[in-house]
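Any chance you can model this:
(one chain, ligands or ions: 2)
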Amino acid sequence: MKVSKFGGTSVATGNQIEKLTKIITDDPARRIVVVSAPGKREDDDVKVTDMLIDLGEKCLRGEATETAIEQSVERYRSIARELGIEGAIAEEIEADLQTRVAYNPADEGIFMDQIKAAGEDNNAKLIAAHFNHQGINARYMNPRDAGLLVEGEAGNAHVMAEAYEELEKIRDYDEILIFPGFFGYKPDGQLVTFPRGGSDITGAIVAAGVNAELYENFTDVDSVCVANPKVIDNPEPIHHMTYREMRELSYAGFTVFHDVALIPAFRHGIPVSVKNTNHPEGEGTLITAERSEKHRKYPITGIAADEGFSIIYVHKYLMNREVGFGRRLLEMVEDEGISYEHLPSGIDDSSVILRTAELSLDSENHLLTRIQTELGVDDAYIEHGFAMIMLVGEWMDETVGIAARATGAIADAGINLEMINQGSSEVSLAFAVKERNCDETVKAIYNEFYAKQLYE
Ligand SMILES: Nc1ncnc2c1ncn2[C@@H]1O[C@H](COP(=O)(O)OP(=O)(O)O)[C@@H](O)[C@H]1O
Ligand SMILES: N[C@@H](CC(=O)OP(=O)(O)O)C(=O)O
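Numbering: from 1, shown residues only. Ligands and ions are numbered 1, 2, ... in the order given. As a prediction, this is how the structure comes out:
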């Protein structure tokens, strides 16, 4: 049995859903289809999830919602029209949105999750209706009925261990199941969504629960590439990689697959395949636990980049001799409810690298004041506007000179390096540069390792 997840671009139009239908019916092992909400049809289009967030925010501000509801319903109506199933489906979706808008929980996050989940939920119903219209034995599967149990706060659901046992039962359906991605239910029946991009997570959880032979992730690129195709023209494809490589790369900026989605796949040993809905016969990318000698061509597997980082610089003479300094510094970061990304340090200096979105003006001021007064430092300040570039590869630790080649390439491009951090696992090497230099740094490193010279 295979679980096949289709991302937003793969379900954005009737034409895309017809491609999905053919992919599913071409292989009888494809029994469970996890779907996202309709995504972008072209670059400047708006995803249904973003329309729904706008709708939810309007409700919370007490503004009129008719236009926003109609805008979302119209997206589904045009898809249904293309599929020749216009009938009642648009009215049902409109009624569903009206019910969600009228929901009035005490918590705004819970309200927003109800609204956001409508994107995937209604799309799954629409696609199930299309399958039935085509004479395919299929049904919509509600995550509550399937037992997709989660915990955690609004917008940040975590799967519960019990969910896997519950989900095993959905193996037994005769019909192909159309399962909405992006949300689950707490044991008390409360709906909670995963973080943005979380339909990948649903797919991986369902694949693990039913012990699928393969979790297929259909998207709009032929494979995961060495670097973001929006930055590098025609980057090399990666045909095979390990869970560890993919997790590091997706966490560091490869948006093609959600980093959290790797965890259920890895723990349950489910191979993951990334494929293109528009070109399903292509080789794609296979992700498994073992590194593959056959695919060993370059010393690094991928180069990811992400913007939006801040650095807290702390300087104190004889810091290295002060027992507990690092712990106390990190405790202050923890007290603000912030998780940090990197912690490079020298004898008299420490830097804490974190995502700027984790900071508020208040927490930033509070943190700096505490560092200055309670740690008695000589200097402490925060700078914003950094990008992190991450080189990842299982073979890196066996290859001499990776850091030297990468820093050389960055220097030759005239880019100032703000920080280097060799991951303790030795499968990753991180660099911080100013955001304005992000793309140029990726290009310089890509050219050094991919355009210039093969590994062997
Ligand atoms: N290294 C990479 N390889 C392939 N695609 C990447 C990479 N980094 C970023 N992307 C982007 O990820 C996009 C696919 O992810 P996403 O938009 O979340 O798809 P979906 O809507 O199918 O879930 C691609 O269109 C591409 O722009
Ligand atoms: N629709 C949700 C969840 C998701 O995974 O979407 P996509 O498959 O389009 O990345 C979002 O936009 O966040």
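
can you give me the strands in the stretch 351-456 of the chain?
Counting by DSSP state E, counting those that start in this stretch, the segments of the stretch 351-456 of the chain that form strands are 379-392, 419-422, 428-434.

and the angle from the last one to strand 379-392?
Right, strand 428-434. Orientation note: strand 428-434 sits at an angle of 130 degrees relative to strand 379-392 (axes from the mean of the first three to the mean of the last three C-alpha atoms, to 10 degrees).

what helices or strands is strand 428-434 leaning on?
With contacts defined as 3 or more C-beta pairs under 8 Å, 6 or more residues apart in numbering; DSSP states H and E, strand 428-434 has these neighbours: strand 379-392, helix 402-412, strand 419-422. C-beta coordinates here come from the backbone N, C-alpha and C atoms, glycine included.

ok, back up a step: how about JSON lines for the strands of the stretch 351-456 of the chain, with mean neighbour count and distance to residue 242 added?
Formatted as JSON lines, the entries for the strands of the stretch 351-456 of the chain read as follows, by neighbours: other C-beta atoms under 10 Å; distance: least, C-beta to C-beta, whole Å:
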{"stretch": "strand 379-392", "mean neighbour count": "19", "distance to residue 242": "10"}
{"stretch": "strand 419-422", "mean neighbour count": "16", "distance to residue 242": "19"}
{"stretch": "strand 428-434", "mean neighbour count": "21", "distance to residue 242": "12"}
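
Now tell me which of those strands the model trusts least on average.
When the strands of the stretch 351-456 of the chain are compared on mean pLDDT, strand 419-422 scores lowest, with a mean of 86.

Tell me how many other residues surround residue 186.
Applying other C-beta atoms under 10 Å, we find 16 other residues in the vicinity of residue 186.

and it, what does it touch?
Contacts were defined as C-beta atoms under 8 Å, 6 or more residues apart in numbering; by that measure residue 186 touches 149, 150, 151, 192.

pretty sure the first one is touching residue 185, no?
Same thing as residue 149. Yes - checked against C-beta atoms under 8 Å, the pair residue 149 and residue 185 is within contact range at 6.5 Å.

is it true that residue 334 lies in a helix?
Yes - in this structure, residue 334 lies within a helix as judged by DSSP: H, G, I helix; E, B strand; the rest coil.

circling back to that earlier point, can you go through the contacts of residue 186 and name the buried ones?
Buried residues within the contacts of residue 186, counting neighbours by 16 or more other C-beta atoms under 10 Å: 149, 150, 192.

Around the residue nearest to residue 349 when sequence neighbours are not counted, how many other residues sit close by?
Nearest residue to residue 349 in three dimensions, chain neighbours excluded: residue 315, at 5.2 Å (C-beta to C-beta, 6 or more residues apart in numbering). Other residues within reach of residue 315 by the criterion other C-beta under 10 Å amount to 15.

isn't residue 315 right up against residue 347?
No - counting by C-beta under 8 Å, residue 347 is not a contact partner of residue 315; they are 10.5 Å apart.

If the closest residue to ligand 1 within the stretch 101-250 of the chain is in a bridge, with which residues?
Minimum separation of the stretch 101-250 of the chain from ligand 1 (C-beta to the nearest ligand atom) falls at residue 219, amounting to 3.3 Å. Beta-bridge partners for residue 219, by DSSP bridges, are residue 276.

shouldn't it be in contact with residue 256?
Yes - with contact defined as C-beta under 8 Å, residue 219 reaches residue 256; the gap is 6.1 Å.

neighbour count winner among the two?
Set side by side, residue 219 and residue 256 show more neighbours around residue 219, with 25 against 22, by other C-beta under 10 Å.

got the contact list for that one?
7, 9, 10, 256, 274, 275, 276, 277.

Give me the domain ranges for this structure.
Per automatic domain parsing, the structural domains of the chain span 2-290, 302-451.

Point out the most buried one among those domains.
With neighbours defined as mean count of other C-beta atoms under 10 Å, these peak in mean count at domain 2-290, which reaches a mean of 20.

So what would you say the end-to-end distance of it is?
As for domain 2-290, its first-to-last residue distance stands at 20 Å under the measure C-alpha to C-alpha, to the nearest Å.

wait, does that domain contact ligand 2?
Yes - applying C-beta under 6 Å from any ligand atom, one finds that domain 2-290 is in contact with ligand 2 at 7-8, 36-37, 39, 47, 49, 119, 181-182, 196-200.

Just the residues you listed: which are in helices?
Using DSSP state H, the members of these that fall within helices are 49, 119, 199, 200.

With pLDDT and distance to ligand 1 added, can I get the residues you listed in TSV?
Formatted as TSV, the entries for those read as follows, by pLDDT from 0 to 100; distance: C-beta to the nearest ligand atom, whole Å:
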residue	pLDDT	distance to ligand 1
49	98	10
119	98	12
199	97	7
200	96	7
